[in-house]
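Chemist: Quick one, what's the 3D model for this:
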Amino acid sequence: DLRDLMHSRNMAMGGAYMSMGYGAEVIGGNPAALAAYKRYQIEASGAWDVPNGMGFGTLGLADSTNQIAGGISYHFVTFGGLERRWAHVTTMALAYSLADWIHLGVAARHHVIVGASNTNSITMNAGVLIRPASFLSIGVSGHNLINNFNKDITRFFVASVSALILGQLTPCFD
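Modeler: Numbering: from 1, shown residues only. Here you go, the predicted model:
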């Protein structure tokens with residue numbers, strides 16, 4: 001399904017990335033993490049699984065230099081084996097810092113899926129990120145909170161924690 005549209009950095013971390021806020025993947029992950037680090041960001045990523053004929057391409061833009069952080073991402077995904085599907089997923093996210101240590105975020109996501117499981121739907125994600133210390137992040141997020149009754153777009157919740165150790169190692173758990 002379309003549960004995790006991860007970039008290569010996230011795949012290398014075993015899929016645990018929701019509380020970090022390092023990349024543009026937070027637009028579709030925990031949108032509250034957009035406000036964690038002040039920056040402009042443009043990311044492009046992609047992958048192709050040749051034997052299985054599955055792949056994706058993504059582009060993300062984020063600006064968190066203001067009090068309200070914002071980002072937009074687009075994913076093109078092909079998946080499904082015998083039940084092949086092509087998905088266009090566009091996400092817009094906003095995040096607000098109540099203080100340096102607590103961030104709130106919300107994202108609207110538009111899906112257009114063509115193939116064995118068609119849909120044209122909108123859903124939303126929401127999250128909270130708490131940073132009690134500069135090296136520790138704790139997050140909670142809800143995904144696809146508006147039900148669209150499509151087997152590829154399931155509702156799920158994530159609790160996450162990450163820590164920066166000696167400025168070099170970032171263990172994460174989702």
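
Chemist: quick one, phi psi at D100?
Modeler: Note on D100: backbone dihedrals following degrees, to the nearest 10 are phi -60, psi -20.

Chemist: Just to check, it is in contact with L129?
Modeler: No: judged on Cβ atoms under 8 Å, D100 makes no contact with L129 at a distance of 11.5 Å. C-beta: built from backbone N, CA, C; applies to glycine.

Chemist: Give me the more crowded residue out of those two.
Modeler: Between D100 and L129, L129 has the larger neighbour count (other Cβ atoms under 10 Å), namely 29 against 10.

Chemist: hang on, the more buried one packs against A36?
Modeler: Yes: L129 is within contact range of A36, at 6.0 Å (criterion: Cβ under 8 Å).

Chemist: overlap in contacts of these two?
Modeler: 21, 103, 137 (Cβ atoms under 8 Å, 6 or more residues apart in numbering).

Chemist: Just the ones in strands from these, please.
Modeler: 103, 137 (DSSP state E).

Chemist: What are the boundaries of the helices in the chain?
Modeler: 8-12 (DSSP state H).

Chemist: Give the residue farthest from the middle of it.
Modeler: Computed with Cα atoms, centre = their mean, the maximum C-alpha offset from the centroid of the chain is found at L82, amounting to 27.0 Å.

Chemist: what sits against it?
Modeler: Under the criterion of Cβ under 8 Å, 6+ apart, L82 has no neighbours.

Chemist: repeat for R85
Modeler: So R85 contacts 78-79, 113-117, 152 (Cβ under 8 Å, 6+ apart).

Chemist: Turn those into CSV, including distance to P171 and pLDDT.
Modeler: CSV is the format used below for the contacts of R85 (distance: Cβ to Cβ, whole Å; pLDDT from 0 to 100):
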residue, distance to P171, pLDDT
T78, 33, 89
F79, 30, 84
I113, 35, 93
V114, 39, 94
G115, 38, 88
A116, 38, 82
S117, 36, 81
D152, 31, 87
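
Chemist: Identify, from those residues, the entry nearest to L145.
Modeler: Of all the contacts of R85, L145 sits closest to D152, with 16.1 Å by Cβ to Cβ.

Chemist: Need the nearest residue in space to T78, chain neighbours excluded.
Modeler: What sits nearest to T78 in space, not counting adjacent residues and going by Cβ to Cβ, 6 or more residues apart in numbering, is W86, at 5.1 Å.

Chemist: Run a quick neighbour tally on that neighbour.
Modeler: Around W86 there are 13 residues (other Cβ under 10 Å).

Chemist: before we move on, back to that, of the contacts of R85, buried ones?
Modeler: Buried subset of the contacts of R85 (neighbour count, 16 or more other Cβ atoms under 10 Å): 78-79, 113, 117, 152.
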